[in-house]
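Asks: Next input, structure requested:
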Amino acid sequence: MKLELKDLRVSIEEKEVVKGVNLKVNQGELHVIMGPNGSGKTTLAKTIMGHPQPKVTGGEILVDGKSILGLKPNERARLGLFLEFQSPTEIEGLGLVSFLNTAKGAITGSRPSFKEFMHEIKENAEKLALKEELIGRSLNFGFSGGEKKKAEILQMAVLKPKMAILDEPDSGLDVDAVKIVAENVNALMKMHGMGAILITHYSRIINYMNPDVIHVMKDGLIVKEGGRDLIREVEEKGYNI
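Replies: Next up is the predicted model:
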């Protein structure tokens, strides 16, 4: 899969938030987007996945050269896109297992045996150090902030997307949990050739990963790109670069 944004412009309630972003990410690559609060990072992530709130006012989102602007979120998921939310929603009454089973079937068109499916869920939950008792609960209901983030990565591991957009997967996590999440993302990229766009404020999760490109986003635009040296520059100077 090749994901490409061409001069993408997005507004929320008639205010332009994304102001002409250009980005190319190939399957298997890891791109990091860093930037201050309010720079448009989360809006960009939601727009790629087809969230109804942001309105595309210009430009294109292409997957393998074809526009996906007319596709609904579930249709984009079938293509292989996945969004890990910055603030996952609690849905009481919708079981995590039931949700994953339905999502898996909708994306792949078939469902494995329940025994195989539960084995896969438990195996991935163990890798994430996510308590087994949480698997039987409603989706994110009663989860801590860190548990919600791990549950999102669990969903990604089960659904096996071609391209994942990870919106601050490190927020609310302690040092050990950050390392666990990073290692699981690394493993999915290696095993399944997954590509990823990682959105973060901090460099700590990147220390456990091997990004291909670092992008700095400010005021709705990508203003600078580079390698690991750019992370050090941000740490030393902030986003005034």
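
Asks: Could you use CA atoms for every contact and neighbour count after this?
Replies: Fine.

Asks: what number of residues lie near residue 136?
Replies: The number of residues packed near residue 136 is 11, by other CA atoms under 10 Å.

Asks: in which helix or strand would I find the closest residue in space to residue 100 that isn't next to it in sequence?
Replies: With sequence-adjacent residues excluded and distances taken as CA to CA, 6 or more residues apart in numbering, residue 100 is closest to residue 155, at 6.8 Å. For residue 155, the host element (DSSP states H and E) is helix 145-159.

Asks: list the buried ones in stretch 23-39?
Replies: Of the residues in stretch 23-39, those scored as buried under the neighbour-count criterion (16 or more other CA atoms under 10 Å) are 25-35, 39.

Asks: would you list those in TSV and tack on pLDDT?
Replies: As requested, the buried residues of stretch 23-39 are exported to TSV (pLDDT from 0 to 100):
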residue	pLDDT
25	98
26	98
27	97
28	97
29	98
30	98
31	98
32	98
33	98
34	96
35	93
39	95
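
Asks: Looking at those, which are in helices?
Replies: Secondary structure defined by DSSP state H assigns none of the buried residues of stretch 23-39 to helices.

Asks: Between those, which sits nearest residue 69?
Replies: Of all the buried residues of stretch 23-39, the one sitting nearest residue 69 is residue 25; the distance, using CA to CA, is 17.2 Å.

Asks: which residues does the closest residue to the closest one other than its chain neighbours bridge with?
Replies: Distance criterion CA to CA, 6+ apart; nearest residue to residue 25, sequence neighbours excluded, is residue 3 at 5.2 Å. The bridge-partner assignment for residue 3, based on DSSP bridges, gives residue 25, residue 63.

Asks: So what does residue 72 look like in phi/psi?
Replies: phi -80, psi 160 (degrees, to the nearest 10).

Asks: wait, what's in contact with it?
Replies: By CA atoms under 8 Å, 6 or more residues apart in numbering, the contact set of residue 72 is residue 50.

Asks: That one and residue 46, how far apart?
Replies: 12 Å (CA to CA, to the nearest Å).

Asks: Same check on residue 158?
Replies: Here residue 158 is placed at a distance of 21 Å from residue 46 (CA to CA).

Asks: Neighbour count: these two, which is higher?
Replies: The neighbour comparison of residue 158 against residue 46 (other CA under 10 Å) goes to residue 46, with 20 against 16.
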